[in-house]
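[1] How does the following fold in three dimensions:
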Amino acid sequence: MKRLLCVLLFALMCSGCSLPESNEALLEFNDNCEFGGAMLGMTVEGMEEALGEPDAESIITGGTEYAYHLLDLSAAINDEGVVRRLSGKNGDFRVFGIAVGDDLTAAGDVLLEKGYQRDAAPGYRYNKNEVQIILLTVDEEAVVGFTAEWLN
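    Residues are numbered from 1 along each chain as shown. You can find the predicted model right below:
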């Protein structure tokens with residue numbers, strides 16, 4: 001419920017934005033994924049409230065990248081202070097029930113069942129409206145982490 005409230009508050013703050021399809025995919029993503037309390041679309045203040053102060057900050061194109069080394073999590077924040085990308089290899093993280101160590105093919109099948117489409121580019125990128133999930137792998141057999149991004 002707290003996740004839904006945070007995303008809805010963000011949507012209200014962006015009432016002038018046109019995010020018709022991304023809101024649905026974003027809500028679904030945030031409802032079915034666990035990145036230590038961080039969510040796509042939340043404010044940097046909300047992220048710091050959930051996770052604490054980051055260990056490091058780096059300026060990137062269009063914003064700032066925050067690192068939480070103990071959580072093995074990084075978050076890209078845009079210039080408006082909104083979480084746009086989350087990436088991590090923490091064994092406690094989940095994306096639609098997929099965990100680090102799960103079979104890569106089975107993990108991809110889960111995302112396909114959830115309405116994501118596999119990107120034509122090399123790798124394990126899956127897209128649904130403006131949400132992209134990348135399954136990270138080293139051996140092309142097991143999931144070693146996730147990157148999720150809200151594209152728009």
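[2] Low-confidence bits of the chain, can you list those?
    Where the chain drops to pLDDT under 70, the residues are 1-22.
[3] hang on, isn't D103 packed against D139?
    No: contact status for D103 versus D139: not in contact, 11.2 Å apart, counting by C-beta atoms under 8 Å. Using the backbone N, CA and C atoms, a C-beta is placed for each residue, glycine as well.
[4] the more surrounded of those two?
    D103 (12 against 7; other C-beta atoms under 10 Å).
[5] Strands of this protein, residue ranges please.
    33-34, 56-60, 63-68, 73-78, 83-88, 94-95, 98-99, 117-118, 125-128, 131-136, 145-150 (DSSP state E).
[6] To V44, which of these lies closest?
    strand 73-78 (5.0 Å; C-beta to C-beta).
[7] Could you give me the buried positions within that closest one?
    73-77 (16 or more other C-beta atoms under 10 Å).
[8] circling back: can I get the strands of the chain in a markdown table with distance to D109?
    Shown next, in a markdown table, are the strands of the chain (distance: least, C-beta to C-beta, whole Å):
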| stretch | distance to D109 |
| --- | --- |
| strand 33-34 | 17 |
| strand 56-60 | 33 |
| strand 63-68 | 30 |
| strand 73-78 | 25 |
| strand 83-88 | 22 |
| strand 94-95 | 13 |
| strand 98-99 | 10 |
| strand 117-118 | 10 |
| strand 125-128 | 11 |
| strand 131-136 | 11 |
| strand 145-150 | 16 |
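[9] Nearest to V110 among the ones you listed would be which one?
    By C-beta to C-beta (comparing all of those), the closest turns out to be strand 98-99, at 5.6 Å.
[10] Show me the residue sitting in the middle of the protein in space.
    Nearest to the geometric centre of the chain sits A148, at 3.2 Å (C-alpha atoms, centre = their mean).
[11] hang on, that one packs against V131?
    Yes: using C-beta under 8 Å, A148 makes contact with V131 at a distance of 6.9 Å.
[12] Quickly list what's touching both of these two.
    29, 40 (C-beta atoms under 8 Å, 6 or more residues apart in numbering).
[13] Can you report how many residues neighbour E49?
    By other C-beta under 10 Å, neighbour count at E49 equals 12.
[14] bridging residues for the residue nearest to the centre of the chain?
    Under DSSP bridges, the beta-bridge partners of A148 are L86, I133.
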